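Trainee: just need the structure, nothing else, for what follows:
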Amino acid sequence: MTITWPDSLPVVQVRIARPTARLDQVVAFYRDLIGLPELYRFVGHSGYDGVMLGLPGADYHLEFTSHEAGSPCPAPSEENLLVLYFSSDSAMYGVIERFGEAGHKPVEAENPYWNQVGAMTFEDPDGWRVVLVPRPVF
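Mentor: Below you'll find the model as predicted:
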């Protein structure tokens, strides 16, 4: 299935940003365990520190920020998910092995669909969930 971006919405870059009180641990989780590349880091920008990590393609980013006065980030629901689709089971297992070596264990997915497609769910240091799916489902 090929989907093209609508001409009526001329967006050229997407960034998903969220605060954390555990910036170093969260960045290590996504950068070192999952393997997302670190694109940019800033310190002391109007009281904020932050790190941008790349998703597939240079125009998609995750940004994590921390404020000098604190960055409360209450635990999300079990359905707040970042879903990463891999090209195969073996491509996904490299990440799963790194999680295991770092002491991260899978958690039960709230939605049984993820188990049905062979996915595995892990929690980051803030309790946000990442679902690893061995292959695209559509």
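Trainee: which of the residues in the longest helix along the chain are buried?
Mentor: Longest helix of the chain, by residue count under DSSP state H: helix 89-101. By neighbour count with 16 or more other C-beta atoms under 10 Å, helix 89-101 contains the buried residues 92, 95-96, 99. The way it works is simple: take the backbone N, C-alpha and C, and place the C-beta from them, glycine included.
Trainee: quickly name whichever of those is closest to W114.
Mentor: M92 (12.6 Å; C-beta to C-beta).
Trainee: how about the helices in this protein?
Mentor: Going by DSSP H, the chain shows helices at 23-28, 89-101, 113-116.
Trainee: still on that earlier bit, now do the longest helix of the chain: which elements does it pack against?
Mentor: Secondary-structure packing of helix 89-101 (3 or more C-beta pairs under 8 Å, 6 or more residues apart in numbering; DSSP states H and E): strand 120-123, strand 129-133.
Trainee: with respect to T4, which of those lies nearest?
Mentor: The nearest among the helices and strands packed on helix 89-101, by C-beta to C-beta, is strand 129-133 at 23.2 Å.
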